[in-house]
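>>> The sequence and its predicted three-dimensional model are supplied below.
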Amino acid sequence: MARSSSVVKASLRKQSRQLRARRSPKQFQRATALSLPGVKGFFAAAEHLQQQESAAAPAPGYTSASDGTLAVHAGEKLRKNGMAPDTDSIATPIVSGTTHLFKSSDDLIAFKEGRRHSFEYGRYGNPTVSVFEEKISALERAEATLVTSSGMNAIVATLLALVPPGGHVVTTTDCYSEARAFIRERLSKMGIRSTFVDLNDIEALKAVLDQGDVRDTLLYRLSDEPHLKCIDIKLVAELCHRKGTLVCIDSTLASPINQKPLTLGADIVVHSATKYIAGHHDVIAGCISGSETLIKTIRAWHQDLGGAISPDAAYMIIRGLKTMALRVETQNRTSLRMARLLENHPKIEHVYYPGLKRSPWHQIAKSQMTGFGGVVSFEVASDLHGVMRFIDALEMPFIATSLGGCESLVQQPAVMSFWGKSDEEKGKNGIKDNLVRFSFGIEKFEDLRDDILQALEKI
């Protein structure tokens, strides 16, 4: 039963008061050494685990409100810094100014010493962007969030900030291709080693972690698609933390509605906010969430990289965020129903979706997710050209890359992402000519069902 408006208002007022509480700097007095170089002292396992326990806990004041409510009010009606908005507008204003004034020299000094919350220059921060960051922090149960100009910028800033020269990155064999290229080709020029493992092979991960000094190692688990594999985040985090290794999870395919990696033990969670968070295929952004200490370190590198998001883009994502819970819940339901339908269809050979009981990752997904996401992949009982006929016969979805928006998208990875690649490379990535990746939007299930069924008849 829905709570009455008076109860909701009382809850929001309580959260607003709680959000003003600040953590003691003593909790992080040793962690301030994270700024590179000198990162090794931070990665001592005992110290790290103490910080991880704090970072994984729900953000103060956010435990009594649902994700749907937080997506609407966090950062606006609920301000973490206790500041009231400078306007009576319900909608967050777009502050387009690139530089901010100070009333006096004393005012400037108060800002520099942290006694006054304000902004200085657009590349360092912006009031509109700050609202976006607070919403994500609330949803991810994080102490802090940094918004970036793209998901790839979020990945690059995180890696450069947290892995020093001579360090080590461990990531998945089937991770995002552009991230894989950056890790393998760019970071190697900085003396950073990389190891690609199947993170469902826990023994392989243990073997990597047992190889000498791993205190400067970052385990970076990127979103897996199109096969939609899941890893046991809690188990992986426990194994890594015993060795003093940081854990970063790209949770783009899950969204903050379906999964909260920080509460499962991860240190950092990254999103391509372009996808479910923005939700309308019309703006590009990324975000990084974690402890205040880690985000402060990444923010310093981010400012040097210059990957600031525009206030206009931040506003569009704030608007999109308000309906994220509704959108994702619809996409969850549609995808699960469609996956169940397809797994019993005579023209479908295999369905990849963690919500299916026969999926090898179902129990892991069920234990750490509240929904299984809006992407379903499946192999059609046909060849390359037969699947192309199926794709072209679909009337509702767009043939396009990306995911998470209101409109359904479909692609044939052998054509979209691996066209011109060798059979060996496709085989290494599990890409078959008959594989289809379908990102479901918010259209009515029956309309999507009928469209897919009629297209399958064209094969």
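Looks like it came in fine.
>>> quick one: Gly151 from Gly122, how far?
Distance, Gly151 to Gly122, using C-beta to C-beta, to the nearest Å: 21 Å. C-beta coordinates here come from the backbone N, C-alpha and C atoms, glycine included.
>>> out of the two, which sits in the busier spot?
Taking other C-beta atoms under 10 Å, Gly151 and Gly122 do not tie; Gly151 has more neighbours (26 against 18).
>>> my guess is that one contacts Thr274, does it?
Yes - judged on C-beta atoms under 8 Å, Gly151 makes contact with Thr274 at a distance of 6.2 Å.
>>> in a strand, that's where Leu218 is, yeah?
Yes - per DSSP: H, G, I helix; E, B strand; the rest coil, Leu218 lies within a strand segment.
>>> Look up which residues are beta-bridged to it.
Val169, Leu246 (DSSP bridges).
>>> which residues does it contact?
Counting by C-beta atoms under 8 Å, 6 or more residues apart in numbering, Leu218 touches 159, 162-163, 167-170, 245-248.
>>> Burial check on Ser382, number of neighbours?
Neighbours of Ser382 (other C-beta under 10 Å): 17.
>>> Can you get me the start-to-end distance on stretch 107-116?
8 Å (C-alpha to C-alpha, to the nearest Å).
>>> That should have said stretch 135-147, apologies.
Across stretch 135-147, first to last residue, C-alpha to C-alpha, it's 11 Å.
>>> so how far is that stretch from its chain's centroid?
Distance of stretch 135-147 from the chain centroid (C-alpha atoms, centre = their mean, to the nearest Å) equals 11 Å.
>>> before we move on, back to that, can you redo the contacts of Leu218 as a markdown table with neighbour count?
Output for the contacts of Leu218, formatted as a markdown table (neighbours: other C-beta atoms under 10 Å):
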| residue | neighbour count |
| --- | --- |
| Leu159 | 25 |
| Leu162 | 27 |
| Val163 | 25 |
| Gly167 | 23 |
| His168 | 22 |
| Val169 | 23 |
| Val170 | 24 |
| Thr245 | 24 |
| Leu246 | 26 |
| Val247 | 26 |
| Cys248 | 26 |
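>>> Please dump those into JSON lines; it should also carry pLDDT and distance to Glu457 for every row.
Shown next, in JSON lines, are the contacts of Leu218 (pLDDT from 0 to 100; distance: C-beta to C-beta, whole Å):
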{"residue": "Leu159", "pLDDT": "94", "distance to Glu457": "47"}
{"residue": "Leu162", "pLDDT": "94", "distance to Glu457": "51"}
{"residue": "Val163", "pLDDT": "93", "distance to Glu457": "51"}
{"residue": "Gly167", "pLDDT": "91", "distance to Glu457": "54"}
{"residue": "His168", "pLDDT": "91", "distance to Glu457": "51"}
{"residue": "Val169", "pLDDT": "92", "distance to Glu457": "47"}
{"residue": "Val170", "pLDDT": "91", "distance to Glu457": "46"}
{"residue": "Thr245", "pLDDT": "91", "distance to Glu457": "51"}
{"residue": "Leu246", "pLDDT": "94", "distance to Glu457": "50"}
{"residue": "Val247", "pLDDT": "94", "distance to Glu457": "46"}
{"residue": "Cys248", "pLDDT": "94", "distance to Glu457": "44"}
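>>> For the stretch 151-300 of the chain, just list every one of the strands.
For the stretch 151-300 of the chain, the strands defined by DSSP state E, counting those that start in this stretch occupy 168-172, 193-197, 217-221, 246-250, 268-272, 286-290.
>>> strands paired with the second one, and their directions?
Strands that pair with strand 193-197, judged by DSSP bridges, come out as strand 168-172 (parallel).
>>> can you tell me how far Val236 sits from Thr297?
22 Å.
>>> I meant Glu443, not that one.
Distance from Glu443 to Thr297, by C-beta to C-beta: 42 Å.
>>> Between the two, tell me which one has more neighbours.
Thr297 (23 against 16).
>>> picking that back up, got the contacts of Leu218 as CSV, with distance to Arg193 columns?
Converted to CSV, the contacts of Leu218 look like this (distance: C-beta to C-beta, whole Å):
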residue, distance to Arg193
Leu159, 13
Leu162, 14
Val163, 9
Gly167, 7
His168, 5
Val169, 7
Val170, 9
Thr245, 13
Leu246, 15
Val247, 17
Cys248, 16
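>>> Just confirm Thr145 is within a strand.
Yes - under three-state DSSP, Thr145 sits within a strand.
>>> one step back: of all the strands of the stretch 151-300 of the chain, which lies closest to Thr99?
Smallest distance to Thr99 across the strands of the stretch 151-300 of the chain (C-beta to C-beta): 23.9 Å, for strand 286-290.
>>> Any buried residues in stretch 274-282, and which?
By neighbour count on 16 or more other C-beta atoms under 10 Å, the buried set for stretch 274-282 is 274-281.
>>> Kindly provide the whole-number mean pLDDT of it.
Computed over stretch 274-282, the mean pLDDT rounds to 97.
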